[in-house]
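**Q** take a look and give me a structure for this.
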Amino acid sequence: MSEAFDRHVEAFLEMMQVERGASPNTLDAYGRDLADFAEFLSGRDLSPLRADHDAVAAYIARQADIGMAARTQARRLSCLKQFYGFAFAERLRPDDPTANVDAPRLGRPLPKYLRKEEVTALLDAARALDGRDATLMTALLETLYATGLRVSELVSLPLAAVARDPAVLIVRGKGSKERMVPLSDPARAALTAWKAERAAMLPKSRPSRWLFPSFGATGHLTRDGFAKMLARVAVQAGLDPAKVSPHVLRHSFASHLLAGGADLRSVQEMLGHADIATTEIYTHLIDDEASRLVRAHHPLAGKTAQKT
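**A** Take a look at the predicted model:
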């Protein structure tokens, strides 16, 4: 890449980080995507700031030709759209060459989720653990299923978040955006029990600001630590541990809420989704579940029509 383009890319990535809260992984991916695009254009004697619609379309078409996954193609086009939107806003060029470039068609895999009876089995297995493990896992599972938190949000909850037996949690999610999520009565009871156990567990000489503390580098329970605990509980519940994860419980929270009549916008806000289209995928889970119930229980399901 040229020095001038390097400076523009650096400014673009800085904007993505400061104004849009892009993660380090996203920034790294976008930097690599723009470098790949610049290399492609160099073979056409073009610079990124002089690329036209046909050059961008040819680049995206080439991704498909070399077997690049549709999702990666879509991410690279999204990166280019955002970069050229930035370039247009900064008056680095007078137009946006990505404006009419079509995104590749993506398959839409449905998120995995647990049925209500499977969630109940998990909670029963957690309560049946020995001593402190039972109190900890019950609090973690009840909170996760009641709120749909991301696992990183769950394990890093500060003690202050539940200091006064709150009816809602205030969560700091992606991009440091705060949202409020209601707590169910079972979750509040489980958290109250855990706080008492936690107070007895921690030595007074080593106080912790975390709700789920540990003596590791982070100071709190890690995502991997929770995932391993959850896998053991899944086995005790008679479930396949490969099909049970913290994210599956987040999906279960959303799909069960919508199936129970919750409105899509409220579920979007509780999950912390920036785009409601991300939340809409859960409506497909409800459609699939309804179809399964009809096939399983309707008296005419599976029967061929008889000729009259």
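
**Q** drop to CA atoms for contacts and neighbour counts, all remaining ones
**A** Fine.

**Q** hmm, residue 70 is touching residue 64, no?
**A** Yes - contact criterion C-alpha atoms under 8 Å: residue 70 and residue 64 qualify, at 7.4 Å.

**Q** where does pLDDT dip in the stretch 201-308 of the chain?
**A** 284-308 (pLDDT under 70).

**Q** what segments of it are helices?
**A** With DSSP state H, counting those that start in this stretch as the criterion, the stretch 201-308 of the chain has helices at 223-236, 246-259, 264-271, 276-297.

**Q** now the stretch 51-200 of the chain
**A** Under DSSP H, counting those that start in this stretch, the stretch 51-200 of the chain gives helices at 53-65, 70-89, 116-127, 131-147, 151-155, 185-201.

**Q** closest to residue 11 out of the ones you listed?
**A** Among the helices of the stretch 51-200 of the chain, helix 70-89 comes nearest to residue 11, with 9.3 Å by C-alpha to C-alpha.

**Q** what mean pLDDT does that closest one have?
**A** Averaging pLDDT along helix 70-89 gives 89.

**Q** quick check: buried residues in it?
**A** Within helix 70-89, the residues that qualify as buried are 70, 73-77, 79-87, counting by 16 or more other C-alpha atoms under 10 Å.

**Q** now swap in stretch 60-72 and tell me
**A** 60, 63, 70.

**Q** dump those to JSON lines, plus distance to residue 209.
**A** JSON lines is the format used below for the buried residues of stretch 60-72 (distance: C-alpha to C-alpha, whole Å):
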{"residue": "60", "distance to residue 209": "48"}
{"residue": "63", "distance to residue 209": "48"}
{"residue": "70", "distance to residue 209": "43"}
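
**Q** between these, which is closest to residue 154?
**A** Using C-alpha to C-alpha, these come closest to residue 154 at residue 70, 31.7 Å.

**Q** re earlier: which of the helices of the stretch 201-308 of the chain sits most buried?
**A** Counting by mean count of other C-alpha atoms under 10 Å, helix 246-259 has the highest mean neighbour count of the helices of the stretch 201-308 of the chain, with a mean of 21.
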